[in-house]
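Q: sequence and predicted structure below; questions after.
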Amino acid sequence: MSKQLFLIALATIGTLASCSKADPTTPTPTPTPPSSAAATPSYATGDGAIVALITRTTTNTPIGAVDFDLGTGVAVFGSLSSTTYNDAGKVTLNGKELTKQSNNAYVYTPSTTDVTGIDLDGAINWSVTTPTFTYNAGSGTGRGMPNATAIAGTYSTVDANAAFTLELSGSVSNADSVYFQINGPSKSILKRMSGTTSSVTFTADEVKSLGKSVGCSVTIAPWNHQQKTLGGKIIHVINELAISRTIEIK
């Protein structure tokens with residue numbers, strides 16, 4: 001099966017692909033509109049894709065490192081090769097309804113009264129009107145969420161003129177692949193590795209090409225995939241955990 005990568009619109013907190021030029025301030029966990037952040041696998045064949053994502057952001061504050069988890073989901077149905085999507089009626093993930101976008105993609109965006117989004121720690125129950133199906137992508141019938149530890153180290157800056165190693169403090173499990181990404185003001189660099197990889201080094205030339213700024217980020221994102229026949233259609237089922245940290249490149 002052919003695959004391609006794309007940056008899908010997913011709600012995140014503090015992990016935008018662009019960096020802020022202003023001085024950083026202490027962040028308050030507040031949901032933002034969908035933005036291109038966590039890289040997510042895309043498939044050129046099939047009739048749809050459903051993606052459950054936990055974004056775990058670590059931000060350094062005057063009182064220490066703060067972790068914040070946000071659960072969200074994205075679903076598309078129709079021609080995956082041409083990205084022409086169909087109206088699927090009502091789509092829910094763990095009982096929370098996703099909002100249809102202008103291109104017929106469905107996205108769950110947390111509100112100010114729902115800052116943590118969808119709880120995806122256990123069941124990952126999808127319900128779709130057209131094609132009609134329900135499916136639990138959690139452990140048991142599905143794969144469940146990948147397991148990974150925090151980003152190693154306590155750094156908040158990255159040297160713009162030196163090689164940089166992005167790594168986890170422990171191992172990865174229940175993943176098919178792991179994305180390692182660093183976002184700067186000039187560009188983002190993404191590397192896809194095997195499902196047990198816990199460390200990747202970006203060369204000095206790669207880091208230098210990112211540019212210098214505050215408010216940038218690094219992300220490690222393990223994910224797993226199943227291809228299922230649901231409602232008579234071929235649906236790609238993806239679970240992803242994106243662990244991010246806000247940094248300054250200087």
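A: Yes, it's here. Residues are numbered from 1 along each chain as shown.
Q: lowest-confidence helix or strand of this protein?
A: Here the helix or strand of the chain ranked lowest by mean pLDDT, DSSP states H and E is strand 3-10, holding a mean of 34.
Q: can you map out the helices along the protein?
A: 204-208 (DSSP state H).
Q: give me the below-cutoff pLDDT ranges for this structure.
A: Filtered on pLDDT under 70, the chain yields the residue ranges 1-18, 20-38, 59-60.
Q: and stretch 162-179, end to end?
A: Start to finish, the residues bounding stretch 162-179 are 21 Å apart (C-alpha to C-alpha, to the nearest Å).
Q: quick one: buried residues of that stretch?
A: By 16 or more other C-beta atoms under 10 Å, the buried positions in stretch 162-179 come out as Phe164, Leu166, Glu167, Leu168, Val172, Asn174, Ala175, Asp176, Ser177, Val178, Tyr179. C-beta: built from backbone N, CA, C; applies to glycine.
Q: repeat for stretch 243-250
A: Buried residues in stretch 243-250, counted by 16+ other C-beta under 10 Å: Ile243, Ser244, Arg245, Thr246, Ile247, Glu248, Ile249.
Q: also stretch 117-136?
A: Those would be Gly117, Ile118, Leu120, Ala123, Ile124, Asn125, Trp126, Val128, Pro131, Phe133, Tyr135, for stretch 117-136 by 16+ other C-beta under 10 Å.
Q: now do the end-to-end distance for it.
A: Using C-alpha to C-alpha, one end of stretch 117-136 lies 18 Å from the other.
Q: since that was my last question, I'll sign off now.
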